[in-house]
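# The following comprises the amino acid sequence and a computationally predicted model.
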Amino acid sequence: MYAFNYHRPGSLAEAAKLIAANAEAKLLAGGQTLIPTLKQRLAQPGDVIDLGGIAELKGIKVEGGNVVVGAMTRHGEVAASAEVRKAIPALAALAGGIGDPQVRNLGTIGGSIANSDPAADYPAAALGLGATIHTSKRQIPADKFFTGMFETALEEGEIIVKVAFPAPKRAAYQKFENPASRYAIVGVMVAETANGVRVAVTGAAPSVFRWTEAEAALGKSFAAGALDGLKAKADGLNADIHASAEYRAHLIGVMARRAVAACG
Amino acid sequence: MTAESGIGASVRRKEDRRFITGNGRYTDDLNRPGQTYAFFVRSPHAHARIKRVDTAKAAKMPGVVAVFTGKDVADSKVGGLICGWLIKSKDGSPHKAPPHPIIALDTVRHVGDQVAVVIGETLSQARDAAEQVQVDYEVLPAVIDPKDAAAKGAAQVHADAPGNLCYDWELGDKAATEAAFAKAHHVAKLDLVNNRLIPNAMEPRAAVAEYDFGTDSYTVWSTSQNPHVLKLLLCAFVLQVPEHKMRVIAPDVGGGFGSKIFNYPEETVCTWASKQIRRPVKWTAERSESFLTDAHGRDHVTHVELALDKDGKFLAMRVDTYANLGAYLSTFATSVPTYLYAPLLAGPYTTPQLYIEVKGVFTHTTPVDAYRGAGRPEATYLLERIVETAAREMKIDPAELRRRNFIPPDAFPYQTPVIQQYDIGNYHASLDKALEMIDYKGFPARRAQSEKKGKRRGIGFSSYIEACGIAPSAAVGALGGGVGLWESGQVRFNPTGSVTIHTGSHSHGQGHETTFAQIVADKLGVPIENIEVVHGDTDKTAFGMGTYGSRSLAVGGSAIVKACDKIVAKAKKIAAHMLEAAVEDIEHERGVFKVSGTDKSVNIAQIAFSAYVPHNYPADVEPGLDETAFYDPLNFSFPAGTHICEVEVDPDTGIVEIAKWVAVDDFGTVINPMVVEGQVHGGIAQGVGQALLETCVYDKQSGQLLTGSYMDYCMPRADNLPSFEVGMTTTPSPLNPLGVKGCGEAGAIAAPPALINAVTDALGIKHLDMPASPEKVWRAAQASRPRMAAE
Ligand SMILES: Cc1cc2nc3c(=O)[nH]c(=O)nc-3n(C[C@H](O)[C@H](O)[C@H](O)COP(=O)(O)OP(=O)(O)OC[C@H]3O[C@@H](n4cnc5c(N)ncnc54)[C@H](O)[C@@H]3O)c2cc1C
């Protein structure tokens, strides 16, 4: 780690001011991605702004059919929340399947979606459930938020405040884990929402995406069998030592069918 | 009292008090006054010529004490690291031993090869400065795979090892083997890879080296499995320091699995540098450095053939192996794919002829050396895969085929055609027990059940034998080993009757502090809480050879028994004096010395007191009660057994789930069943790791390590493992005083073939290279049809 200046603002306004004044500064949430990056000297920010002291970024609320999760809410809190389990059990289950207990007790939803790791789970929840990301500057629909590998619509100095998930009629998330890292090789969120069926796929491509063919098929008949014969395309999917693009394409189908079956 | 704490009792581990309360003392916990920190500049290339190393800028950075390069080391006449086992090629020539400098001089040969060391007041300062060391490389082509490296036109690792060949070695009777093949009814053939592994001890390697100018001597704390051997290597071979001027201490060590046997560049550099700067130097590997520089394991490419007669009797086996030795020869690298491998290929079977050829090959990868099992897992995997293949091809039940070929229990001692003479065993007994425990008869019904769920179920056998308790020194010497392999043990009574045991072996997870104490508790009747085991410090214990090859109990434990015998012999004389009887009339049982036929007795504590306060004492007996013994074993010991596992494969995803695991092992006498079971569990977990999850992958072009962190290198975790069912059969070894054999590596040896046999059985395919990772299994499942339950 290189030396940096450490800030711990007490309010969102103060944090926004700090980051506006210093474009090179890094926001620190749970630190599960940022701290290892710093330790390996892959980043050298002059300033680190810790969001841990800002009360308005924390907590879970259910308001008007939405589950609203503060940016600094830990994965473990979402997994254990009775309200989330009741309103969107798939979201609680997804959070409970991230990393290990240590990671879940520190990692945050804001950090996860801001990071937009192609293998992360939360992006599938945000996109699959049609969430809205509230930032210090505006509201961004999930469909517009994830723009590429480790890339989002966030502008410089923009801070995620909370994420609002409309409760679906039913939803389920199925994850095929990388055996080593336990991130998603393929993760599929299937949701039957007020605005139709949504199928979001993470892990498989440079960024989370919607599998529109599956959405159309499930829109006609919401049953695992509706996906029989439907194959995701391998073109443009990720390939690494753990899984080829072809295998990932196959797993998208398997995980989607299992998710539909899990919706009950 | 001894009943609960003597031989055969599951005594709770004495060492766990400090380990589970966070009071262990590891090398990195140690800090010395005036200590500095070493940080190594490492090669980012697999193969490159070093054109220039410029340290000027780094040397001027804040807090930098010194910067050293390969040239500085060479100028001070420090030797390179050595390999301690001489292997002779078929033509009689010695193996090629290219220089292994502790800091690279003009060429780097693997990613992570050290190019310079920066020593700083703090670790951060050393690291900051290391980034300022400028190295100009001329990148050269690299070769990674052992077979590629042996091919014509491959990039050359060392100028003095043409064709990258370290040796071309053979064992067995080639002509007799060919003749047996000519008469065969059936020949089973297989090409397979024994995948390369990274050891991943929980505690990374570390060293603190201190030079004392006043006495011109060194103290080195190091994460070593064998501090005396490390001292010998550092002193006599590398740094040319007289042995009485160095003390090596291996304090608590958090796992080794073989990787901490060896003499590495880092502790050598720290020791050398501590004299240059006259301050203590500390180095602790980062996890990334562990991945890049701990000696890796396995990495064989092999073709094997097994000849059988019409009844399935094995006639002969021939084996052609390419063994990857990495970029330099690690301390015992040459022996692992030769004498620790080929003699084990006879296995538990009566195969009359074997012929094994091994080419040891240099590549641009991290050095490869002993890793849990060291040669025996490679042998067992090969043998049990080809036996399984033969059973399937000849349509003979795999258990039956093994039974037909086992060495019968009345044939011991049994001389194999490949060096080893097995002392004792009963392979039928462990197979039968394992079959019963897994309910072999019920397998077809379980398979049918799995198929109903859309899964495919398979069963896999592994009947292994291994050689532990390395080893008779003379035998090892005759095979090219450069050391003796005896062990020392000292039993020292304190005046008030408590005991301190000193052993030359070393505990880094094995539980010596408990099991060795149990031996003395059993032999001399001392309460176990009054016994302490001291190990790991060359100034405290007599010279010893350390811990590896499941040797500690068979060799080190036997030395302690011999020391106990000496204690008893002396104690009898003291007792005779105290009881006013003749020595011949004194009987001893568990610390009680009695005049035979009377109720007159004294106990060992009273005798010890008398020995140290000899006011009324026999004139011809020396005071004190403190005996040392050195024990050189008569032979290896040969643990054996059968593991059977069942797997369920999900053909949609390729996920393999272990449904059942039965392990029946014969370890001879068991001192502490709980400790032994723990060793078996850990060993199986490591074997499952190799077979299902772990593999070291280099990019074949660039030589970059692609599995350089836990993001990509997959360690086994609790949820990968079933609940093991562990059973025992026992044939005590007649060749050591405890009747023990060794249990530390058995699980890692037995497990991989059991699993791959089960996976290939489930899929109905001939072979699949380890690890059976999901995509490989999925592809195989797509290409094969489900088996019918009746098959
Ligand atoms: C061992 C391990 C296993 C893991 N396994 C999984 C897994 O299985 N699935 C999974 O999805 N994830 C996994 N993760 C990632 C983890 O869940 C975290 O979500 C992730 O590291 C980022 O969250 P964080 O709170 O730690 O963010 P940090 O590391 O603190 O920050 C990450 C990035 O987001 C930015 N940022 C943080 N908060 C905000 C905000 N409010 N507004 C704008 N930008 C912000 C930071 O500046 C930084 O660039 C794993 C991590 C580890 C270490």
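Good, I have the coordinates. Residues are numbered from 1 along each chain as shown, chains lettered A, B, ... in the order given.
# Every contact and neighbour count from this point should use C-alpha atoms.
OK.
# So residue B:688 versus chain A, what's the distance?
Counting by CA to the nearest CA, to the nearest Å, the gap from residue B:688 to chain A is 13 Å.
# a helix runs through that residue, doesn't it?
Yes - assessed by DSSP: H, G, I helix; E, B strand; the rest coil, residue B:688 belongs to a helix.
# okay, it: pLDDT?
Predicted confidence (pLDDT) for residue B:688: 98.
# mind listing what it touches?
When contacts are counted by CA atoms under 8 Å, 6 or more residues apart in numbering or on different chains, residue B:688 touches B:716, B:721, B:748, B:751, B:752, B:755.
# Would you state the strands of the stretch 151-264 of chain A in chain order?
Along the stretch 151-264 of chain A, counting by DSSP state E, counting those that start in this stretch, strands occupy A:151-152, A:160-166, A:170-177, A:184-193, A:196-202, A:209-210.
# can you give me phi and psi for residue 97?
With no chain named, the answer covers chain A. Note on residue A:97: backbone dihedrals following degrees, to the nearest 10 are phi -100, psi 10.
# For it, the count of nearby residues, please.
Counted with other CA atoms under 10 Å in any protein chain shown, the neighbours of residue A:97 add up to 22.
# Check whether residue B:712 sits in a helix, strand or coil.
Reduced to three states with three-state DSSP, the structure at residue B:712 is coil.
# So it is in contact with residue B:698, correct?
No - the pair formed by residue B:712 and residue B:698 falls short of the contact definition of CA atoms under 8 Å, at 11.7 Å.
# Torsion angles phi and psi at the residue nearest to the spatial centre of chain A?
When CA atoms, centre = their mean is applied to chain A, the residue found nearest the centroid is residue A:122 (2.0 Å). Listed backbone geometry of residue A:122 is phi -50, psi -40, with angles given as degrees, to the nearest 10.
# Over to residue B:307?
The main-chain torsion angles of residue B:307 are listed as degrees, to the nearest 10 and equal phi -100, psi 130.
# Identify the bridge partners of it.
Residues found in beta-bridge contact with residue B:307 (criterion: DSSP bridges) are residue B:187, residue B:316.
# and the gap between residue A:30 and chain B?
Between residue A:30 and chain B the distance, using CA to the nearest CA, works out to 19 Å.
# before we move on, the earlier item: could I get the contacts of residue B:688 as a markdown table with secondary structure, neighbour count and distance to the ligand?
As requested, these are exported to a markdown table (DSSP: H, G, I helix; E, B strand; the rest coil; neighbours: other CA atoms under 10 Å in any protein chain shown; distance: CA to the nearest ligand atom, whole Å):
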| residue | secondary structure | neighbour count | distance to the ligand |
| --- | --- | --- | --- |
| B:716 | coil | 19 | 15 |
| B:721 | coil | 18 | 20 |
| B:748 | helix | 27 | 26 |
| B:751 | helix | 33 | 28 |
| B:752 | helix | 34 | 27 |
| B:755 | helix | 32 | 27 |
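# can I get those in a markdown table with pLDDT?
What follows is these, written out as a markdown table (pLDDT from 0 to 100):
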| residue | pLDDT |
| --- | --- |
| B:716 | 97 |
| B:721 | 97 |
| B:748 | 97 |
| B:751 | 98 |
| B:752 | 98 |
| B:755 | 98 |
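# tell me the secondary structure for the closest residue in space to residue B:616 that isn't next to it in sequence?
Among residues not flanking residue B:616 along the chain, residue B:610 sits closest, at 7.5 Å (CA to CA, 6 or more residues apart in numbering or on different chains). When states are read from three-state DSSP, the local structure at residue B:610 comes out as helix.
# There's contact between residue B:610 and residue B:617 in this structure, I believe.
Yes - with contacts counted by CA under 8 Å, residue B:610 reaches residue B:617, the gap being 7.1 Å.
# Could you please give me the overlap between the contact lists of the two?
Common neighbours of residue B:610 and residue B:617 are listed as residue B:574 (criterion: CA under 8 Å, 6+ apart).
# So between those two, which is more surrounded?
Just comparing residue B:610 and residue B:617: by other CA under 10 Å the higher neighbour count belongs to residue B:610, 22 against 18.
# Now do the same contact list for that one.
Taking CA under 8 Å, 6+ apart as the test, what residue B:610 contacts is B:495, B:574, B:616, B:617.
# Repeat that for residue B:365.
Residues near residue B:365 by CA under 8 Å, 6+ apart: B:46, B:109, B:110, B:111, B:144, B:326, B:327, B:703.
# Turn those residues into CSV, columns for secondary structure.
Putting those into CSV (three-state DSSP) gives the following:
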residue, secondary structure
B:46, coil
B:109, coil
B:110, coil
B:111, coil
B:144, coil
B:326, strand
B:327, coil
B:703, coil
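# between the residues you listed, which is closest to residue A:176?
Compare each of the contacts of residue B:365 with residue A:176 using CA to CA and the shortest gap goes to residue B:703, at 29.4 Å.
# For that closest one, which non-adjacent residue is closest in space?
With sequence-adjacent residues excluded and distances taken as CA to CA, 6+ apart, residue B:703 is closest to residue B:46, at 5.1 Å.
# same deal with residue A:143?
Using CA to CA, 6+ apart and skipping residues adjacent in sequence, the residue nearest residue A:143 is residue A:127, 6.1 Å away.
# Could you look up the SS state of the one you found?
helix.
# I'd like to know how many residues surround it.
Counted by other CA under 10 Å, the residues lying close to residue A:127 total 26.
# what's the answer for residue B:288, then?
In terms of burial, residue B:288 registers 14 neighbours under the definition other CA under 10 Å.
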